[in-house]
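Undergrad: Here is my input, please return the structure:
(4 chains)
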2 protein chains.
Amino acid sequence: MSTVGRALSGDARISERTKHAVRAAAEELGYVGNLPARMMRGGSSNLIGLILPDIQNDFFASIAQALSESCDRQGYRIVLSITGDDPETEVRHIRDFVGARVAGIILVPSADLKRESIALLRQVPHVQLLRYAGGPDDLWFGIDDSDAMERATSHLLDLGHRSIAYVAASERLSTGRRRLEGVHNAYRKRGIPPSSLATFLDAPTSTWGERAVHEMLALPERPTAILSGSAHVTMGIIVALRRAQIAIPGQMSVIGFGDPNWCEWWQPPITVIRPPIQSLAVNCALWFMDRLRTPEEKLVRSYHATSSSELILRSSTGTPASR
Amino acid sequence: MSTVGRALSGDARISERTKHAVRAAAEELGYVGNLPARMMRGGSSNLIGLILPDIQNDFFASIAQALSESCDRQGYRIVLSITGDDPETEVRHIRDFVGARVAGIILVPSADLKRESIALLRQVPHVQLLRYAGGPDDLWFGIDDSDAMERATSHLLDLGHRSIAYVAASERLSTGRRRLEGVHNAYRKRGIPPSSLATFLDAPTSTWGERAVHEMLALPERPTAILSGSAHVTMGIIVALRRAQIAIPGQMSVIGFGDPNWCEWWQPPITVIRPPIQSLAVNCALWFMDRLRTPEEKLVRSYHATSSSELILRSSTGTPASR
DNA sequence: TTGTAGGCGTTATCAT
DNA sequence: ATGATAACGCCTACAA
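TA: Prediction:
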């Protein structure tokens, strides 16, 4: 009978006594409202799809944590998709999210969103995080990649480095493009020909960091500094240098990307670019949940928000002259 | 018309031509089946709730990754709950999971499942992972904590250590209890009085690891070895020792728990107990999904599976005599 | 204050 | 081979 439903949803017309009775009975029986049924009536779910390339990456784990907390506070739950940057997995998960009628999707897209992914995203509110891969809407929260790398590069140039190796993700990722742009900007603004810049661009993995170091050590003119444009790459670089017994910063200066604890503990502690992932994720979550409540007709079709990174100076950088 | 539904679900009675036509039209319109509606008809969802204390912990991140992959392969999606070991958050999320009619729940429970959590779990298939906190069903996948710690302790005792500090999670967690048990077993089997064992049990955090080190350094008789019973604690121990300028293993032997990469890279590399979390998670996922397909009447009511850990010997342990 | 009825999208069943 | 119908659980407009 409808009295029950009304009591549970706290309808004003129901007496307090009845409400208590009903609530008690519900508790007793372990009754829990049926979300799917609610949704069928047109209500929307409290699920937000979160699409990440990799949850073991510190970077994305922090994002998941911050998003999850923020969303939880407003009653939203996270459905997790880990794509491994595979567009096929990505499209499959998006399709499922749409099928499950999630309230919205927050995604760190793979380099190449499939056509179908884009079509599917058209059917559901979404926002891109960190990376921007085109798509139906122009909604994006990210860090100012270009500025961050420009400052890091400038730091190295100011220390006198003229032969710098830049190891990062390829330009297929939007972040890769913007970061490389920043590196170039630093050279340009100082009027230094970028010919002395060696770039090693590929997948943002520690494996690639290691391989890049091996390649650059084989170069006729060995760089005096390495600049990393990805968290995992940083790890690979450091391990490879240690294995090659190249002292930091004695024989090689290093600036890392991202700031897990070990950057501080490492001997010597690593200078890093620290992107504000916490606040980025929180901002994104809050903005997105607000948008989910915004009536269709008032929605903006374009929104970009960039946060700036910090350059954390530690002892892993030195002047090339000191060698 | 019902022909459409049949065509999409591949009913045998529908001609191939019609099917193709329908599929094409569906594709065209971007039609995606409505999961909530399907569920209302009694079908079950393809969502599995995953409850973890903390996704930034390497340990749990690996589990999330492995579970997610295994589940994905069979079409299941993960709804993520991060509890921060807070029983209130936990019960809220479990309630939501039940409300969303997830197919099942895989959980690393907090120390104290609330009564309501237990009642709710009664309504949905579930399995506990790593920790076991009682509850309606007696289904659990974990590591053989006792054995792992016994072997690690034995290793230290065999090296001649007689004054060992054990830093770990409190006995409120099932894992904490079993691990302490293992430590004691090692002493008992060797007939060594455990009076020389100093235990520092509290929350499994790096903060606790640091504080415990400070406390033990203030002891009249400083231990010659530290044994960690938690991944985060390990990190805290190492940082605190470095800050106190105590050399490993010169002045203090250390055995860590868990095996993130930095254990290997740290100078000197850290000897660790490596629990087989990958295989644990995969085993658990496969078993659980199989169970979800098992008819009610054939379900076992009790199932325990423990995997054994490896002891990875590296250079962070030495003999007390060498000092 | 409480009851009734209808509809959300899907699919199993029954009828054509 | 295809169409019509009922039912799942919830909510709400309307009736009593």
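
Undergrad: And residue A:51, how far from DNA strand C?
TA: Plainly put, residue A:51 is 22 Å away from DNA strand C if you go by Cβ to the nearest atom of the strand, to the nearest Å. All C-beta atoms are positioned from the backbone trio N, CA, C, and that covers glycine.

Undergrad: show me what contacts that residue?
TA: A:81, A:83, A:90, A:93, A:94, A:105, A:106, A:107, A:108, A:109 (Cβ atoms under 8 Å, 6 or more residues apart in numbering or on different chains).

Undergrad: quick one: which of these is nearest DNA strand D?
TA: Set against DNA strand D, the nearest of these by Cβ to the nearest atom of the strand is residue A:105 (23.7 Å).

Undergrad: Next, the contact list for that closest one, please.
TA: Neighbouring residues of residue A:105 by Cβ under 8 Å, 6+ apart: A:48, A:49, A:50, A:51, A:94, A:97, A:121, A:124, A:125, A:126, A:127.

Undergrad: Wait, a helix at it?
TA: No: Residue A:105 is assigned strand when assessed by DSSP: H, G, I helix; E, B strand; the rest coil, not a helix.

Undergrad: and it, what are its bridge partners?
TA: Legend: beta-bridge partners of residue A:105 under DSSP bridges are residue A:49, residue A:126.

Undergrad: how far away is the spatially closest residue to residue A:203 that is not a sequence neighbour from residue A:85?
TA: Distances taken as Cβ to Cβ, 6 or more residues apart in numbering or on different chains put residue A:169 closest to residue A:203, at 6.7 Å, once the chain neighbours are dropped. Separation of residue A:169 from residue A:85 (Cβ to Cβ, to the nearest Å): 10 Å.

Undergrad: repeat for residue A:154
TA: According to Cβ to Cβ, residue A:154 and residue A:85 sit 30 Å apart.

Undergrad: what about residue A:61, neighbour count?
TA: Residues lying near residue A:61 (other Cβ atoms under 10 Å in any protein chain shown) number 23.

Undergrad: likewise residue A:92?
TA: The local packing of residue A:92 (other Cβ under 10 Å) involves 19 other residues.

Undergrad: does any bit of the host helix or strand of it sit next to chain B?
TA: Secondary-structure element containing residue A:92, defined by DSSP states H and E: helix A:87-99. Yes: Helix A:87-99 is in contact with chain B by Cβ under 8 Å from any Cβ of the partner chain, via A:89, A:92, A:93, A:95, A:96, A:98, A:99.

Undergrad: for the helix or strand bottoming out on mean pLDDT in chain A, packing partners?
TA: The weakest-scoring helix or strand in chain A, judged by mean pLDDT, DSSP states H and E, is helix A:262-265 (a mean of 84). When contacts are defined as 3 or more Cβ pairs under 8 Å, 6 or more residues apart in numbering or on different chains; DSSP states H and E, helix A:262-265 packs onto helix B:231-243.

Undergrad: how does it look with 7 Å?
TA: Contacts defined by 3 or more Cβ pairs under 7 Å, 6 or more residues apart in numbering or on different chains; DSSP states H and E place helix A:262-265 against no helix or strand at all.

Undergrad: about what we covered before: so between residue A:169 and residue A:85, which is more surrounded?
TA: Using other Cβ under 10 Å as the criterion, residue A:169 and residue A:85 rank with residue A:169 on top: 26 against 20.

Undergrad: Bridge partners for the more buried one, pull those for me.
TA: In beta-bridge terms (that is, DSSP bridges), residue A:169 pairs with residue A:202.

Undergrad: how far away is the residue positioned nearest the centre of chain A from DNA strand C?
TA: Centroid check for chain A by Cα atoms, centre = their mean gives residue A:130 as the closest residue, at 4.5 Å. To DNA strand C, residue A:130 is 33 Å away according to Cβ to the nearest atom of the strand.

Undergrad: Could you double-check that that residue sits in contact with residue A:174?
TA: No: Residue A:130 sits out of contact with residue A:174 when judged by Cβ atoms under 7 Å, with a separation of 8.5 Å.

Undergrad: how about low-confidence regions in chain A?
TA: Regions of chain A meeting the criterion pLDDT under 70 cover residues A:321-323.

Undergrad: Can you give me the neighbour number for the residue in the stretch 201-323 of chain A that DNA strand D sits nearest to?
TA: Closest contact between the stretch 201-323 of chain A and DNA strand D, by Cβ to the nearest atom of the strand, is at residue A:293 (15.6 Å). Counted with other Cβ under 10 Å, residues neighbouring residue A:293 total 9.

Undergrad: Look up how far residue A:51 lies from it.
TA: Look at residue A:293 and residue A:51: by Cβ to Cβ, they are 22 Å apart.

Undergrad: Same check on residue A:277?
TA: Note on residue A:277: its distance to residue A:51, by Cβ to Cβ, is 16 Å.

Undergrad: for the contacts of residue A:51, which one is nearest DNA strand C?
TA: Using Cβ to the nearest atom of the strand, the contacts of residue A:51 come closest to DNA strand C at residue A:94, 16.5 Å.

Undergrad: Contact partners for that closest one?
TA: A:105, A:117, A:120, A:121 (Cβ atoms under 7 Å, 6 or more residues apart in numbering or on different chains).

Undergrad: so how far is residue A:151 from it?
TA: For residue A:94 relative to residue A:151 (Cβ to Cβ), the value is 35 Å.

Undergrad: and what of residue A:141?
TA: 20 Å.

Undergrad: who touches residue A:106 in this structure?
TA: Residues near residue A:106 by Cβ under 7 Å, 6+ apart: A:48, A:50, A:67, A:127, A:129, A:284, A:288.

Undergrad: repeat that for 6 Å
TA: Residues in contact with residue A:106, defined by Cβ atoms under 6 Å, 6 or more residues apart in numbering or on different chains, are A:50, A:127, A:129.

Undergrad: Name the nearest of those residues relative to residue B:44.
TA: Nearest to residue B:44, judged by Cβ to Cβ, of the contacts of residue A:106 is residue A:50 at 22.6 Å.

Undergrad: quick check, distance from stretch A:142-161 to the centre of its chain.
TA: Put simply, stretch A:142-161 sits 20 Å off its chain's centre (Cα atoms, centre = their mean, to the nearest Å).

Undergrad: cool, stretch A:184-195 as well?
TA: Worked out by Cα atoms, centre = their mean, stretch A:184-195 lies 28 Å from the chain centre.

Undergrad: Tabulate the contacts of residue A:51 in a markdown table, adding columns for distance to DNA strand C.
TA: Listed next are those as a markdown table, based on distance: Cβ to the nearest atom of the strand, whole Å:
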| residue | distance to DNA strand C |
| --- | --- |
| A:81 | 21 |
| A:83 | 25 |
| A:90 | 22 |
| A:93 | 18 |
| A:94 | 16 |
| A:105 | 19 |
| A:106 | 24 |
| A:107 | 23 |
| A:108 | 28 |
| A:109 | 26 |
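
Undergrad: Taking those residues, please make a PyMOL selection of just the buried ones.
TA: Per 16 or more other Cβ atoms under 10 Å in any protein chain shown, the buried members of the contacts of residue A:51 correspond to this PyMOL selection:
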select buried, chain A and resi 81+83+90+93+94+105+106+107+108+109
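
Undergrad: nearest to residue A:306, of the contacts of residue A:51?
TA: Looking across the contacts of residue A:51 and measuring by Cβ to Cβ, the closest to residue A:306 is residue A:108, at 15.1 Å.

Undergrad: now the closest one: how far from residue B:222?
TA: Distance from residue A:108 to residue B:222, by Cβ to Cβ: 48 Å.

Undergrad: Then residue A:254?
TA: Separation of residue A:254 from residue B:222 (Cβ to Cβ): 36 Å.

Undergrad: okay, the two: which has more neighbours?
TA: When neighbours are counted by other Cβ under 10 Å, residue A:254 comes out ahead of the other of residue A:254 and residue B:222, with 26 against 14.
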